[in-house]
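A.B. asks: sequence and computational prediction follow.
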Amino acid sequence: MPIRKHKPSSAINRYIFSLTLLFTVFAFPWNATATETTPPIRIAIMPCTDIVKTFTQFQPLRTYLQQQTHRQIEIVVPNTFQEFKRTILKGEAEFTFQPPHAYLLMANQYDPQNILSALTPNGESMHRGVIVAAKDSGIKKVSDLRGKKVLFGHLFSTAKWLAAKSLLEANGLDLKKDLKDYAHGGSCESIAMNVYLGQVDAGAMCDYSFDEITENSSPREDELPPEALVVIGSTWEIPTWVFAAHQDTDKEISRQVTNALLKLDRRNPEHREIMEEMELGGFIRNKDSNYDSLRKHLTTAGLPSR
């Protein structure tokens, strides 16, 4: 028996219209003043783990900044440093968020009056990379990694790759000649779990992530038991990630965005959710000269700093 096709009633049409209107209201800030002809503000972010996770982590911040600036915000996550660099040189992003060594390489492209440092979850503006091993592995110091497998962080990471690599070299280890193998992993949690499960002999992490993981006294089944890992070496002290305005960014836009970031307060439940999603503790103002120590370390290690 053929199915009869009904024409939508006027009530159904009104319902569909109402749903469309509701979506439009919630898809854009109620108090937004931007029009379709107003270009969005673009923020280019270098991924700490993978592109999808990074893009997802910063969506709550995107919504917050839209509410604060009444402008559309676009999050851009380049796949490589070369792509990130091209975005900056072409002026295709008003702001960037990157590890400190990446900032140094492009520092002449930014407005020195609008540089912010991200804080770690515990409110610090400096941190270290640490090399960890399983407590029962017999690995006690960095030089014990000869002939072992080591998992570093993302190639973009200052702490979990550049500084950690330099730490091994300072202890007489050539990564290609003296290690059995090495690779680049993702998050600190993933690196820690790979070390605990014996997939690798050691891994590079951020010190505050190590503290957070090991302070968990009653872990779930998918978490590490406390004291399962030990630190066998620490890098030099490293500034946290940098949020910077491009030198050509409109000054009023720079003021609005940086002020909105500085207003983030962990005592505010809504702000705390935004920061926890990003795994950050907020932002503070900084200046280029505060990165001179890192410039010196990178130069001493034979790494580019400009």
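C.D. replies: Yes, it's here.
A.B. asks: okay, domains of the protein per the record?
C.D. replies: Following automatic domain parsing, one gets these domains for the chain: 41-124+239-300, 129-235.
A.B. asks: okay if I get the ones you listed as TSV plus mean pLDDT and mean neighbour count?
C.D. replies: In short, each C-beta sits where N, CA and C put it, glycine included. Output for the domains of the chain, formatted as TSV (pLDDT from 0 to 100; neighbours: other Cβ atoms under 10 Å):
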stretch	mean pLDDT	mean neighbour count
domain 41-124+239-300	94	17
domain 129-235	91	18
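A.B. asks: for Ala107, give its distance to Gln199.
C.D. replies: Distance, Ala107 to Gln199, using Cβ to Cβ, to the nearest Å: 37 Å.
A.B. asks: what segments of the stretch 101-250 of the chain are strands?
C.D. replies: 110-118, 126-127, 129-134, 149-152, 181-184, 202-206, 229-234, 238-239, 242-246 (DSSP state E, counting those that start in this stretch).
A.B. asks: how about those strands, which one is nearest Glu270?
C.D. replies: Between Glu270 and these, the shortest gap by Cβ to Cβ is with strand 110-118, which sits at 18.5 Å.
A.B. asks: CA atoms of that closest one as CSV?
C.D. replies: Extracted C-alpha coordinates of strand 110-118, given in CSV (Å, rounded to 0.1, in the frame of the first residue of the first chain):
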residue,chain,number,x,y,z
TYR,A,110,54.4,40.5,17.8
ASP,A,111,53.3,43.6,19.7
PRO,A,112,55.7,43.9,22.7
GLN,A,113,52.9,45.6,24.7
ASN,A,114,50.5,42.7,24.4
ILE,A,115,52.4,39.6,25.6
LEU,A,116,50.7,37.3,28.2
SER,A,117,52.1,34.2,29.9
ALA,A,118,49.8,31.3,30.7
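A.B. asks: elements contacting it?
C.D. replies: strand 242-246, helix 251-262, strand 283-286 (3 or more Cβ pairs under 8 Å, 6 or more residues apart in numbering; DSSP states H and E).
A.B. asks: looking at it, Ile238 is touching Pro100, isn't it?
C.D. replies: Yes. Assessed by Cβ atoms under 8 Å, Ile238 is found in contact with Pro100 at 6.5 Å.
A.B. asks: between these two, which contacts overlap?
C.D. replies: Taking Cβ atoms under 8 Å, 6 or more residues apart in numbering as the contact rule, Ile238 and Pro100 both touch 158, 294.
A.B. asks: hang on, the earlier thing: got TSV for the strands of the stretch 101-250 of the chain, with distance to Ala159 too?
C.D. replies: Putting those into TSV (distance: least, Cβ to Cβ, whole Å) gives the following:
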stretch	distance to Ala159
strand 110-118	13
strand 126-127	6
strand 129-134	4
strand 149-152	10
strand 181-184	13
strand 202-206	5
strand 229-234	10
strand 238-239	5
strand 242-246	13
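A.B. asks: which residues does the residue nearest the centre of the chain contact?
C.D. replies: Nearest to the geometric centre of the chain sits Cys48, at 4.5 Å (Cα atoms, centre = their mean). By Cβ under 8 Å, 6+ apart, the contact set of Cys48 is 54, 99, 153-154, 156-157, 187.
A.B. asks: which element is it on?
C.D. replies: Cys48 is part of no helix or strand when elements are defined by DSSP states H and E.
A.B. asks: apart from its chain neighbours, what residue comes closest to Ala163?
C.D. replies: Excluding the flanking residues, the one nearest Ala163 by Cβ to Cβ, 6 or more residues apart in numbering is Thr235, at 3.7 Å.
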